[in-house]
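K.L.:
Generate a structure from the sequence data that follows.
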Amino acid sequence: MAAPVPLSVIGGFLGTGKTTLLNQLLNNRSGVRFAVLINDFGDIVVDGDLIADHNGESITFANGCVCCSLGNDLLATLTELLERDPPPEQIFVEASGVADPRTIADFAALDAELLRDLVFVVVDVQTLRERASDDRLSDTVRRQIASADLIIMNKCDLVDDVNRCATRLWLETQRGDIPIIETEYARVPFDFLSAVPSSDVSVDEILHHPHSTNHTELFHSETLDMIDPVDLTALRRGLEALPRSVLRVKGFVPIQGRGELFFLVQLSGREIEISPWQGRAPARAGLIVIGTPDMPDKQQLDQIFLIAR
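P.N.:
As a prediction, this is how the structure comes out:
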């Protein structure tokens, strides 16, 4: 019987740097036959377009969450991957920013052909403590941290030493039993990862593990199609005008005066990034906006960004 295929999960809240970490892991394992499964919560596929080329296949699950509403789709895909000849040598799942990574990793214990490997959880040092104390977000953030085999404390270059140390101390009070790595741009020494043990989980534990609420009840997403080029200054002004109930914005948009070039647009917390996209053309132009249920609806969002169009 062939050795089981390791299944690793990358989790963490919206905008923490999960896709950046995944690309780092893929680039450090050249020659390995990967399968990469990406879960975008909204119905525009963004993270799938951001994955670097690798020796294998990328599959995207959109408009839902693989730890709850899309769980059957994930299980069917894993089964299909294992039946291939040859099968992948490593499977990575990038969870949506609202998912419980443990629930996804637990699928491995249900199939003898899979090995439950590491659960990486990426946290944003700038926003972690604020979100962990927010009544609307706390349960999701704390569940993600509780599921980790390794915590990557990302964006340490964007805070001072006082805030960095305070965030690390808070994490150690929550999960002092596992490694915590401080990073910039999710750069993790690959040799270090091989020394981190993963959790041993039995089928009985999985069946009795209390899973979180369906995330479509806790979070909301809207899609803004932007096929025609938009004004860059007005786009930034619209992003700055979004209320705090909007947690994440991401997507690809064409910009006026820049020809056929697309720009990658990202908002995480109050941090805005708009940069030229040098990769392959995205499958769909537009923005996915994710937030709590009280975020602006599609009509209100269209009004906010109307001046940019």
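K.L.:
Output the below-cut-off pLDDT ranges for the stretch 101-250 of the chain.
P.N.:
For the stretch 101-250 of the chain, residues meeting the criterion pLDDT under 70 lie at 191-217.
K.L.:
where do the strands sit along it?
P.N.:
In order along the chain, the stretch 101-250 of the chain carries the following strands (DSSP state E, counting those that start in this stretch): 114-124, 150-154, 180-182, 220-225, 246-254.
K.L.:
For the shortest one, name the packing helices and strands.
P.N.:
Identification of packing neighbours for strand 180-182 by 3 or more CB pairs under 8 Å, 6 or more residues apart in numbering; DSSP states H and E yields strand 150-154, helix 161-175. C-betas here are computed from N, CA, C, even on glycine.
K.L.:
Please list the residues outside the first one that contact it.
P.N.:
Taking contacts as CB atoms under 8 Å, 6 or more residues apart in numbering, the residues outside strand 150-154 that touch it are 12, 16-17, 20-21, 118-125, 145, 164, 167-168, 171, 175, 178-186, 188, 193, 196.
K.L.:
Could you pick out the buried ones from these?
P.N.:
When the contacts of strand 150-154 are checked for burial by 16 or more other CB atoms under 10 Å, the buried set is 12, 16-17, 20-21, 118-125, 145, 164, 167-168, 171, 175, 178, 180-183, 186, 188, 193.
K.L.:
how about CSV for the helices and strands packed on strand 180-182, with distance to P87 added?
P.N.:
Shown next, in CSV, are the helices and strands packed on strand 180-182 (distance: least, CB to CB, whole Å):
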stretch, distance to P87
strand 150-154, 25
helix 161-175, 33
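K.L.:
closest one to F262 among those?
P.N.:
Within the helices and strands packed on strand 180-182, the stretch nearest F262 is strand 150-154; the backing value is 25.2 Å (CB to CB).
K.L.:
Flag every buried residue along stretch 266-282.
P.N.:
Along stretch 266-282, the positions that meet the burial threshold by neighbour count (16+ other CB under 10 Å) are 266-269, 277, 282.
K.L.:
farthest-separated two in the residues you listed?
P.N.:
Using CB to CB, the pair of the buried residues of stretch 266-282 lying farthest apart is G269 and P282, separated by 23.5 Å.
K.L.:
Would you map out the domains in the protein?
P.N.:
Here the domain assignment for the chain is 5-215, 219-308, based on automatic domain parsing.
K.L.:
sorry, back to before: now, of the helices and strands packed on strand 180-182, which is deepest in the fold?
P.N.:
The highest mean neighbour count among these belongs to strand 150-154 (a mean of 23), with neighbours defined as mean count of other CB atoms under 10 Å.
K.L.:
what's the angle between it and helix 161-175?
P.N.:
Put simply, strand 150-154 runs at 160 degrees to helix 161-175, going by axes from the mean of the first three to the mean of the last three CA atoms, to 10 degrees.
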